[in-house]
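# Give me a 3D structure for the following:
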Amino acid sequence: LVSRPVNNRLTNSTSNTAVAANGNVQSSGIGTGLQQPKRYAEFTVKARVTFNLNSVGPAYVYVYRTLLAIPANGAAPNVGDVVVGGDAFAGGAMTATVNESAAFSFLDSGLDVTKRYRYYLAVKAPNGNVLNLVNASQLLVMERS
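Numbers count the residues shown, from 1 in each chain. Got it, this is the predicted structure:
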């Protein structure tokens, strides 16, 4: 029980991932492997991101949960994938090439202990722009003890 958060913890990070935006929510391709909640049917999901946009405009960052494979960089979320926390956790008006940072911590509850989940970072920015995830942006998912 005490080692559960250590044994059932996955993380992934990136120092330089660019997503060619199409105006819709798109996967960054950065996500965790399969995890199955064992005790409370929930995971603690944390993210720390630094991002920038190559022009002036709005940009948003999301964490998604999926039962399928993580969509490739630039692909739309899978049908049935769920935004963790209900909406973007970072974003708004951006100044061109200026880094913005944000953190996210959420208890993703009500999961099925018989299923295995993956989590991934997704972004949304105006069509024709490039959104960059930089500076060791990280996603961490772990089970509580």
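
# CA atoms for contacts and neighbours, from now on please.
Fine.

# Give the bridge partners for the residue nearest the centre of the chain, please.
In the chain, the centroid-proximal residue (Cα atoms, centre = their mean) is L121; its distance is 2.3 Å. Bridge pairing for L121 (DSSP bridges) gives the partners V63.

# surely it meets L140?
No. Using Cα atoms under 8 Å, L121 is not in contact with L140, being 10.7 Å away.

# Mind picking out the helix or strand in this protein with the poorest mean pLDDT?
helix 4-7 (a mean of 58; mean pLDDT, DSSP states H and E).

# Output the contacting helices and strands for whichever helix or strand comes after it.
Note on helix 4-7: by DSSP states H and E, the next helix or strand toward the C-terminus is strand 9-20. Judged by 3 or more Cα pairs under 8 Å, 6 or more residues apart in numbering; DSSP states H and E, the packing partners of strand 9-20 are strand 26-31, strand 130-142.

# helices and strands around the helix or strand harbouring L107, which ones?
Using DSSP H and E, L107 maps to strand 100-108. Counting contacts by 3+ Cα pairs under 8 Å, 6+ apart, strand 100-108 packs against strand 43-53, strand 90-94.

# Mind checking these for the one nearest to G29?
Between G29 and the helices and strands packed on strand 100-108, the shortest gap by Cα to Cα is with strand 43-53, which sits at 14.2 Å.
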